[in-house]
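*Asks:* Predicted model, plus sequence, below.
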Amino acid sequence: MSDIKSDIKDQISQELEQARAACDTSGKDSKECAAAWDAVEELQAEASHQRSKQPAKTSLEQYCDANPDADECRVYDN
């Protein structure tokens, strides 16, 4: 899942650069500039949507991630 996050972050960075370049070239009130910023907003919305789909970790899960050897985090096979 982290690969997807980094891919979207990379895409957002690229789109940001393209949007800035389009606005510098065509002007801030141009259709090209508006379309480029729309593309940035769509990617940001997708990134936000993907973050909201991931279940939040409980405080115990967060603790066990940080302290895997703690007694509370032991897993026993039955």
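*Replies:* Perfect, thanks for sending it.
*Asks:* Which parts of whichever strand or helix holds Ile8 count as buried, going by neighbours?
*Replies:* Assigned by DSSP states H and E, Ile8 falls within helix 2-26. Neighbour-count burial for helix 2-26, counted by 16 or more other Cβ atoms under 10 Å, picks out Ile8, Ile12, Glu15, Leu16, Ala19, Ala22, Cys23. For the C-beta atoms, the positions are set from N, CA and C on the backbone; glycine is no exception.
*Asks:* got those as TSV, with pLDDT and distance to Arg74 columns?
*Replies:* Conversion of the buried residues of helix 2-26 to TSV gives the following (pLDDT from 0 to 100; distance: Cβ to Cβ, whole Å):
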residue	pLDDT	distance to Arg74
Ile8	87	36
Ile12	93	40
Glu15	93	46
Leu16	94	45
Ala19	94	50
Ala22	93	55
Cys23	94	56
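*Asks:* now those residues in a markdown table, with distance to Leu60?
*Replies:* As requested, the buried residues of helix 2-26 are exported to a markdown table (distance: Cβ to Cβ, whole Å):
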| residue | distance to Leu60 |
| --- | --- |
| Ile8 | 29 |
| Ile12 | 33 |
| Glu15 | 38 |
| Leu16 | 38 |
| Ala19 | 42 |
| Ala22 | 48 |
| Cys23 | 48 |
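*Asks:* hang on, the earlier thing: tell me what the helix holding Ile8 is packed against?
*Replies:* Where contact means 3 or more Cβ pairs under 8 Å, 6 or more residues apart in numbering; DSSP states H and E, helix 2-26 is packed against helix 31-53.
*Asks:* All good on my end, thank you.
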